[in-house]
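> no FASTA, just this:
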């Protein structure tokens, strides 16, 4: 088990240099957490004691350490596999929101589930069953209900995506019974349920006869592009993030956009950036909007900091400290809007701002990139 | 029709200690002939995660008992229970699980067999709804 993990992730190459710990966003606040120590401890005594270590669950899987590791150790894979083994032994992290999301994803593994998730489709949003494009909505309808008190309006992202696709002359297909992509189950060590969800989604995607699958959630995209093929082989579908789609369309043709006179900055989601290397496309989309003033944060692109929690696990005071610092950084650029490209970043940052003692110098409005772009497009389609 | 009669629903009741349903003499988790009762110190302890967990584990119906409105021992517990149940119902609806499978009963029900009446009625309702879609293979 553990020896396989060490072999697969090349953990035995660890030089004990501590670069990972030096730039780990968690260690910055939680001094007891150290990726270096976890790796060294596991390699030196592969008897399974590290599996019981609760710090295994503090990792944000943001991939910052892995990018800088001189030995090329796959720390993300290490975390993933270690969590799988830990879960099999009955150890797990602290689920946030009472574990509701874990229950939701597990409920979705039921084969006879007949979901009721398309209420957000208003009559002006056009979809079609015979389309080359499929829009994979993900968990947005659930987030919208559960986080209604945060007023993030997650479902607005889905509505904006369809509006944008319509603007570019695409009427996407939308699945009534798509499941969660399984990202969170995979990263919290529940491989079995992940596989069940993945099988169901793959069957739905293959039966739908589409060429392109568009997502608005970077986590869905990473799971489709990197994790599904690892288990199920090549899927013969092209997966695109909505920002990739927009920038492709913008580069091939000229479109008239409304002016948006705002100062904005952008938060790179870990999955979109470090996992998939999509840094430029979202920026192209932002700067394509006329009169928008775009400023980078001090730590952006490859150096971008995670939004503080992942897979609805171990959200603690360190997460909050990280989020507050990141939001202060966003505000210090002089921007009035912080744009995100991941619904979870938006939720996490909005949640941090709800705190009673939240400092004034970090108060900034957080909007999803697709929502802003949808506001900038003109009413009529240019198809 | 025969099949429907054979179906014995799994029902979980979460009961507040103060409204009398989760009264002193019963165990923290008590098995009744047709349902299982989990005692809470206040209905305010219930949350969406607990309710969904019950459905995830295969419950066909969930009831939450609490004190009548305005009479919560801790002032706001039952208000929280109502709020959480509303949220759970909206999530159940999204999942395609009939929201009628979740019921909130606020009142002092431990007199004159009122509790049995409520439970019998609820179990009948669940019987007509059939088993939890998650349990159907």
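Arrived safely, thanks for sending. If you're wondering where the values come from, they're calculated on a predicted model, not measured in any experiment.
> Please point out which parts of stretch A:336-350 sit buried.
Neighbour counts over stretch A:336-350 (16 or more other CB atoms under 10 Å in any protein chain shown) mark A:337-350 as buried. To be clear about C-beta, it is placed using only N, CA and C from the backbone, and glycine gets the same treatment.
> Stretch A:10-19 - what's its average pLDDT?
Averaging pLDDT along stretch A:10-19 yields 94.
> Touching it from outside, list them.
A:5-6, A:34, A:36, A:39-40, A:42-43, A:65, A:68-74, A:78 (CB atoms under 8 Å, 6 or more residues apart in numbering or on different chains).
> Report pLDDT for residue 115.
Defaulting to chain A. On the pLDDT scale, residue A:115 gets 93.
> that's the other chain; I wanted chain B
87.
> That one: how many residues sit nearby?
23 (other CB atoms under 10 Å in any protein chain shown).
> Test my guess that it contacts residue B:109.
Yes - counting by CB atoms under 8 Å, residue B:115 does reach residue B:109; the two are 4.5 Å apart.
> Please list all residues in contact with residue A:288.
Counted by CB under 8 Å, 6+ apart, residue A:288 has contacts A:246, A:247, A:250, A:257.
> Name the member of the residues you listed with the most neighbours.
residue A:246 (27 neighbours).
> Can you classify that one by secondary structure?
helix (DSSP: H, G, I helix; E, B strand; the rest coil).
> Run a quick neighbour tally on the nearest residue to it once chain neighbours are set aside.
Once flanking residues are discounted, residue A:246 sits nearest to residue A:285: 4.9 Å by CB to CB, 6 or more residues apart in numbering or on different chains. Residues lying near residue A:285 (other CB under 10 Å) number 26.
> For residue A:285, what is the enclosing helix or strand?
helix A:280-288 (DSSP states H and E).
> can you tell me how far the residue of the stretch 51-200 of chain A found nearest chain B sits from residue B:42?
Nearest to chain B, among the residues of the stretch 51-200 of chain A, is residue A:98, at 3.0 Å (CB to the nearest CB). Distance, residue A:98 to residue B:42, by CB to CB, to the nearest Å: 16 Å.
> out of these two, which sits in the busier spot?
Between residue A:98 and residue B:42, counting by other CB under 10 Å, residue B:42 is the more crowded of the two (21 against 16).
> check contacts around that one.
B:16, B:17, B:18, B:66, B:72, B:73, B:74, B:77, B:78.
> Now which of those would you call buried?
B:16, B:17, B:18, B:66, B:72, B:73, B:77, B:78.
> which neighbours do residue B:115 and residue B:109 share?
residue B:21.
> mind showing which ranges of the stretch 251-383 of chain A have poor pLDDT?
Counting by pLDDT under 70, the low-confidence segments of the stretch 251-383 of chain A come to A:378-383.
> 90 instead?
A:253-256, A:355-357, A:377-383 (pLDDT under 90).
> cool, and chain B?
Using pLDDT under 90, chain B drops low at B:1-8, B:17, B:19-34, B:107-116, B:133-137.
> which residues in it form helices?
Per DSSP state H, chain B carries helices over the ranges B:2-6, B:48-56, B:77-95, B:114-129.
> For the last one, what is the distance to the chain centroid?
The chain centre lies 11 Å from the centre of helix B:114-129; the measure is CA atoms, centre = their mean, to the nearest Å.
> residues touching whichever residue of chain B sits closest to chain A, list them.
Of all residues in chain B, the one sitting closest to chain A is residue B:49 (3.0 Å; CB to the nearest CB). Going by CB under 8 Å, 6+ apart, residue B:49 touches A:97, A:98, A:99, A:100, A:103.
> Please apply the same query to residue A:49.
Residue A:49 touches residue A:41, counting by CB under 8 Å, 6+ apart.
> repeat for residue A:260
A:289, A:290, A:291, A:292, A:372, A:375, A:376 are the contacts of residue A:260 under CB under 8 Å, 6+ apart.
> Please apply the same query to residue A:185.
Contacts of residue A:185 by CB under 8 Å, 6+ apart are A:102, A:105, A:106, A:191, A:193, A:194, A:197.
> Tabulate the residues you listed (a markdown table), appending distance to residue B:11, secondary structure and neighbour count.
Converted to a markdown table, the contacts of residue A:185 look like this (distance: CB to CB, whole Å; DSSP: H, G, I helix; E, B strand; the rest coil; neighbours: other CB atoms under 10 Å in any protein chain shown):
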| residue | distance to residue B:11 | secondary structure | neighbour count |
| --- | --- | --- | --- |
| A:102 | 23 | helix | 25 |
| A:105 | 24 | helix | 26 |
| A:106 | 20 | helix | 22 |
| A:191 | 32 | helix | 19 |
| A:193 | 25 | helix | 18 |
| A:194 | 31 | helix | 26 |
| A:197 | 28 | helix | 24 |
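> overlap between the residues you listed and the residues near chain B?
residue A:106 (CB under 8 Å from any CB of the partner chain).
> Would you mind putting the contacts of residue A:185 into CSV with distance to residue A:238 and pLDDT alongside?
Formatted as CSV, the contacts of residue A:185 follow (distance: CB to CB, whole Å; pLDDT from 0 to 100):
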residue, distance to residue A:238, pLDDT
A:102, 31, 94
A:105, 26, 95
A:106, 30, 94
A:191, 26, 95
A:193, 27, 95
A:194, 23, 96
A:197, 21, 96
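> In helices, which of the contacts of stretch A:10-19 appear?
Reading helices off those with DSSP H, I get A:5, A:6, A:36, A:39, A:40, A:42, A:43, A:65, A:68, A:78.
> Can you tell me which of the residues you listed are buried?
Buried, going by 16+ other CB under 10 Å: A:5, A:6, A:36, A:39, A:40, A:42, A:43, A:65, A:78, out of the ones in helices among the contacts of stretch A:10-19.
> Alongside chain A, which residues does chain B contribute?
Going by CB under 8 Å from any CB, the residues of chain B near chain A are B:47-50, B:52-53, B:55-56, B:87, B:90-91, B:93-97, B:133-134, B:136-137.
> Now that we have these, which of them are buried?
B:47-50, B:52-53, B:55-56, B:87, B:90-91, B:93-97, B:133-134.
> show me what contacts the most centrally placed residue in chain B?
Geometric centre of chain B, nearest residue: residue B:63, 1.1 Å, by CA atoms, centre = their mean. When contacts are counted by CB under 8 Å, 6+ apart, residue B:63 touches B:11, B:12, B:13, B:14, B:35, B:102, B:103, B:104, B:105, B:118, B:119, B:122.
> run the last query once more with 6 Å
B:13, B:103, B:122 (CB atoms under 6 Å, 6 or more residues apart in numbering or on different chains).
> Please indicate which of those has the highest neighbour count?
Of the contacts of residue B:63, with other CB under 10 Å as the count, residue B:13 tops at 24 neighbours.
> right, and that residue touches residue B:37 too?
Yes - counting by CB atoms under 6 Å, residue B:13 touches residue B:37, with 4.6 Å between them.
> tell me how far stretch B:35-50 is from the chain's mean position?
For stretch B:35-50, the distance to the chain centre is 8 Å (CA atoms, centre = their mean).
> wait, I meant stretch A:216-224
For stretch A:216-224, the distance to the chain centre is 6 Å (CA atoms, centre = their mean).
> Between the two ends of it, what distance do you get?
End-to-end distance of stretch A:216-224 (CA to CA, to the nearest Å): 13 Å.
> Kindly report the same for stretch A:37-53.
11 Å.
> ok, now which ones touch the closest residue to residue A:186 other than its chain neighbours?
Leaving aside its sequence neighbours, residue A:186 sits nearest to residue A:194 (CB to CB, 6+ apart; 4.3 Å). Going by CB under 6 Å, 6+ apart, residue A:194 touches A:182, A:185, A:186.
> Dump those into JSON lines; add pLDDT, distance to residue A:28 and secondary structure as well.
Below are the contacts of residue A:194 laid out as JSON lines (pLDDT from 0 to 100; distance: CB to CB, whole Å; DSSP: H, G, I helix; E, B strand; the rest coil):
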{"residue": "A:182", "pLDDT": "95", "distance to residue A:28": "30", "secondary structure": "coil"}
{"residue": "A:185", "pLDDT": "96", "distance to residue A:28": "28", "secondary structure": "helix"}
{"residue": "A:186", "pLDDT": "96", "distance to residue A:28": "26", "secondary structure": "helix"}
